[in-house]
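Chemist: fold the stuff below for me.
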Amino acid sequence: LLLLRTLALLFIILALARPLLHRSGFSLGARTDAVIILDDSLSMGRKISTGGSALDLARAKALEILDTLREGDGAALVLTSGREGLALTRRRQDVRAAIEAAFLTAASGSFASAVAQAEHALGSSSSPNRELFLISDFQKAQIPAAPVPFRQAGAARVYALPIEGPTDNVSAGPVDLSPRPKSVNHLVTVPVTLVNHGDAERGVDVSLSVNGETVRKDFVSLPPGRPLRHVFEYVPTRAGVCAGYVKVED
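Modeler: Numbering: from 1, shown residues only. Sure, this is the predicted structure:
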């Protein structure tokens, strides 16, 4: 009698839970395809409390996600830098190798482009269960100005996995050089736009390197939330092509 009462109660609970399970759109025991978006932008090189970098932790989390998939499930890897990842495949060892091989880039990263790639991968999936994982430190510099449309939202589960660390940083915008020819031993100005994405004033070292040599290094105080134009001065000492970059010590 006790067993019958327990079974009756269990059936009532399952009957009540059935609409909830149906609405979730997740089929238990069915095949799953997962797309992992991995942030490989420059800010992921920061050291965190584990002793490694944010990218090290992001790779570890991506591998943990991969290990939750079962035989027959598929996975894909998308990198926010725009570098080639890995298309949807059932060969999870290939995805594992691609995750382990991911490295830091100088790109700022684009969430909008990465989500578009993930959406394309999920759109080609025939599996009942589709999942999207976005692993990033979510820097303010790379957050899109407008919401990113995701047409697969009704058919996929979306998870955001933030990596620990401050959500603000300093970025350097395009270097706006004049197209006019330059002359040896004549002053050249190199303007660059710096942005402090935090909520408080920041002081940073900004340097200009030309042909592999640091030719100027300045300390700049940046107000929060708005761009600041900083100008370097450089005098070419020999003829030929000059190649260089601006680096922010953040």
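Chemist: what sits against the spatially most central residue of the chain?
Modeler: Nearest residue to the geometric centre of the chain (Cα atoms, centre = their mean): residue 39, 2.7 Å. Contacts for residue 39 (Cβ atoms under 8 Å, 6 or more residues apart in numbering) come out as 55, 58, 80, 109, 134, 135, 136, 137, 163. In this view, the C-beta of every residue, glycine as well, is placed from N, C-alpha and C.
Chemist: number of residues surrounding the third one?
Modeler: Pointing back at residue 80 there. Using other Cβ atoms under 10 Å, the number of residues around residue 80 comes to 27.
Chemist: now it, nearest residue through space, not along the chain?
Modeler: Once flanking residues are discounted, residue 80 sits nearest to residue 109: 3.7 Å by Cβ to Cβ, 6 or more residues apart in numbering.
Chemist: thought that neighbour was touching residue 55?
Modeler: No - with contact defined as Cβ atoms under 8 Å, residue 109 does not reach residue 55; the gap is 11.8 Å.
Chemist: among the contacts of residue 39, name the ones in strands.
Modeler: Secondary structure from DSSP state E places 134, 135, 136 of the contacts of residue 39 in strands.
Chemist: surely the first one touches residue 117?
Modeler: It refers to residue 134. No - Residue 134 is beyond contact range of residue 117, at 11.8 Å (criterion: Cβ under 8 Å).
Chemist: for the residue nearest to the centre of the chain, phi and psi?
Modeler: Backbone torsions of residue 39, given as degrees, to the nearest 10, read phi -80, psi 110.
Chemist: in terms of pLDDT, where does it sit?
Modeler: Here the pLDDT value assigned to residue 39 is 95.
Chemist: nearest spatial neighbour of it, chain-adjacent residues omitted?
Modeler: residue 136 (3.5 Å).
Chemist: list the beta-bridge partners for that neighbour.
Modeler: Judged by DSSP bridges, the bridge partners of residue 136 are residue 162.
Chemist: list the contacts of the nearest residue to residue 157 once chain neighbours are set aside.
Modeler: Leaving out its chain neighbours, the residue that sits closest to residue 157 by Cβ to Cβ, 6+ apart is residue 131, at 4.8 Å. By Cβ under 8 Å, 6+ apart, the contact set of residue 131 is 32, 33, 34, 35, 156, 157, 158, 159.
Chemist: taking those residues, please make a PyMOL selection of just the buried ones.
Modeler: Only the buried entries of the contacts of residue 131 go into this PyMOL selection, using 16 or more other Cβ atoms under 10 Å:
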select buried, resi 32+33+34+35+156
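Chemist: least confident of the contacts of residue 131?
Modeler: residue 156 (87).
Chemist: without its sequence neighbours, what residue ends up closest to that residue?
Modeler: residue 130 is the one closest to residue 156 (Cβ to Cβ, 6+ apart), at 4.0 Å.
Chemist: tell me who's in contact with the one you found.
Modeler: Per Cβ under 8 Å, 6+ apart, neighbours of residue 130: 32, 33, 34, 122, 152, 155, 156, 157.
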